[in-house]
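In: everything below, folded, please.
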Amino acid sequence: MSEKRLSIITTKGTLDWAYPPFILASTAAALGFQPYIFFTFYGLQLIKKNLDLRVSPLGNPGMPMPMGMHNWFPILGTALPGMEAMMTAMMKSKMKSKGIASVEELRSLCLESGVKMVACQMTVDLFDWNAKQDFIEGIELGGAATYLEAAGGSDITLFI
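Out: Okay, the predicted model is just below:
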């Protein structure tokens, strides 16, 4: 029986969207899958050397807020200056108190586990990034055809 394959296309670059691709890929690797993550557009933020990931309560109505704020605090209030920084700090604190690994730790685990991580060449060029300087080691570059080839041979394909 051949090895199962998992391909993930990652397009989001916030703290809350950083966890699913790395958790799923590292778990898949532990279960004997051959995982592949294609980072494009804002998802490229997740493989930058210097992470500055934030969580935004704006446009995220499912985000639980302290003191039941989601029940009484107006959505528009989440756009107030400082709300993003406050919510990011609260999320990081909550994750740390629950013993959840950091994004950096999960990325390292993925690389150590043989997860293939590919940065979208077109998006790297679009945002004038330098793959060698801006991204962590172990990242490859590829385009849509590279992703489609990987996805076409996958048992499971996810869009995150």
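
In: name the helices or strands packed onto the host helix or strand of S26?
Out: If you go by DSSP states H and E, S26 is part of helix 15-30. Based on contacts counted as 3 or more Cβ pairs under 8 Å, 6 or more residues apart in numbering; DSSP states H and E, the elements that helix 15-30 packs against are strand 5-10, strand 34-39, helix 83-97, helix 103-112, strand 156-159. All C-beta spots, glycine's among them, are computed from the backbone N, C-alpha and C.

In: any idea which of the ones you listed scores lowest on pLDDT?
Out: Mean pLDDT is lowest for helix 83-97 among the helices and strands packed on helix 15-30, at a mean of 84.

In: quick one: least confident helix or strand in the chain?
Out: helix 69-72 (a mean of 59; mean pLDDT, DSSP states H and E).

In: now do the contacts for I160.
Out: With contacts defined as Cβ atoms under 8 Å, 6 or more residues apart in numbering, I160 is in contact with 8-12, 17, 20-21, 24, 43.

In: repeat that for 6 Å
Out: 8, 10, 20-21 (Cβ atoms under 6 Å, 6 or more residues apart in numbering).

In: I'd like to know which of these are buried.
Out: Among the contacts of I160, those that count as buried by neighbour count (16 or more other Cβ atoms under 10 Å) are 8, 10, 21.

In: and the residue found closest to the second one once you drop the neighbours it is linked to in the chain, its phi and psi?
Out: In this case it means T10. For T10, the nearest residue in space outside its immediate sequence neighbours is G43; the separation is 3.7 Å by Cβ to Cβ, 6 or more residues apart in numbering. Phi and psi for G43, reported as degrees, to the nearest 10, are phi -60, psi -20.
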